[in-house]
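**Q** Fold the following.
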Amino acid sequence: MSRWIAAALATIGFALAAAYCLASYATATPAPKAGSVVKVINGPGHGSGTHIGNGYILTAAHVIREADSVDILSDQGLTTKAEVLWVNKAYDVALIRDEAMQAAISPLACKPLAEGASVTLIGNPADVEFVKVQASIAGKSRPYARWRNVSVVSGPIVPGMSGGGMFDRAGNLRGIVVGVMLAPTGMFASSMVGIGYAVPSSAVCALMGRAVPA
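**A** Numbers count the residues shown, from 1 in each chain. Sure, this is the predicted structure:
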């Protein structure tokens, strides 16, 4: 066999081996999924939501308003469409579904958190997307203002985070962020004071017909 034929065969063999290795690597290491928290876009406004499995996403009712469908943006830049399944304005909770959802899942834990428990809030404040902030449960859940049942949360909450998840240290969904406390600073002006409100997961579970542990 001539030298150039042997060299050609060796080159072909190397190329085939490299292609096989690349294919094996692609199979063994699939593209990472997006996180469970998404951006919910409804016309000119937006909020946040959390994927709890099988394409179902929990968010705030005031983010959905009267829409039949909304756009969903994942933290990897993928935009899809979600159908609005139900809205409960008294609790400010809505359930939507995105059948094309390819994202991580945050389990909905029904047991209430104790006062002082540390939580992580994830959402899309103002024009900054997918932000995580640390907070804590500052007070027992109660009826307040227009909400049937909310927990008082001590931590930075900004418009746009509405509908975002409140998570415990294990990554379980423990509530849905729905509002901020405003303090008067003048006759017509108000400012946020670092205290907000989240519908506790126990109330969300009851709305969804799930048993709430004692």
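**Q** Could you report the pLDDT at the most centrally placed residue in the chain?
**A** Central residue of the chain (Cα atoms, centre = their mean): Val37, 2.0 Å from the mean position. We have a pLDDT of 97 for Val37.
**Q** What sits closest to it if chain neighbours are left out?
**A** Sequence neighbours aside, Ile122 is the residue nearest to Val37 in space, at 4.4 Å (criterion: Cβ to Cβ, 6 or more residues apart in numbering). Quick note: C-beta positions are derived from backbone N, CA and C, even for glycine.
**Q** now swap in Pro213 and tell me
**A** Distances taken as Cβ to Cβ, 6+ apart put Lys111 closest to Pro213, at 4.5 Å, once the chain neighbours are dropped.
**Q** show me the contacts for that neighbour.
**A** Ser201, Ser202, Val212, Pro213 (Cβ atoms under 8 Å, 6 or more residues apart in numbering).
**Q** Please apply the same query to Ala60.
**A** Contacts of Ala60 (Cβ under 8 Å, 6+ apart): Gly47, Asp92, Val93, Ala94, Ser162, Gly163, Ile176, Val177, Val178.
**Q** Return the subset of the residues you listed lying in strands.
**A** Of the positions in the contacts of Ala60, Gly47, Val93, Ala94, Ile176, Val177, Val178 sit in strands, assigned by DSSP state E.
**Q** Turn the contacts of Lys111 into TSV, including neighbour count and secondary structure.
**A** Shown next, in TSV, are these (neighbours: other Cβ atoms under 10 Å; DSSP: H, G, I helix; E, B strand; the rest coil):
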residue	neighbour count	secondary structure
Ser201	28	helix
Ser202	21	helix
Val212	14	coil
Pro213	9	coil
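**Q** Specify which member of those is nearest to Ile64.
**A** Ser201 (19.0 Å; Cβ to Cβ).
**Q** Go ahead and confirm that closest one touches Cys110.
**A** Yes - at 5.8 Å, Ser201 and Cys110 qualify as touching, with contact defined as Cβ atoms under 8 Å.
**Q** Low-confidence bits of the chain, can you list those?
**A** Along the chain, segments meeting pLDDT under 70 span 1-33, 185-191, 214.
**Q** what about the longest strand in it?
**A** As assigned by DSSP E, the longest strand anywhere in the chain is strand 131-144.
**Q** mind listing what that strand pairs with, with the direction of each?
**A** With DSSP bridges as the test, strand 131-144 is paired with strand 118-123 (antiparallel), strand 147-154 (antiparallel).
**Q** rewinding a little: could you give me the ChimeraX syntax to select whichever of the ones in strands among the contacts of Ala60 are buried?
**A** Here is the ChimeraX command that selects the buried residues among the ones in strands among the contacts of Ala60 (16 or more other Cβ atoms under 10 Å):
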select :47,93,94,176,177,178
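**Q** Make CSV from the ones in strands among the contacts of Ala60 and add distance to Ser141 to it.
**A** Output for the ones in strands among the contacts of Ala60, formatted as CSV (distance: Cβ to Cβ, whole Å):
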residue, distance to Ser141
Gly47, 21
Val93, 13
Ala94, 19
Ile176, 12
Val177, 14
Val178, 12
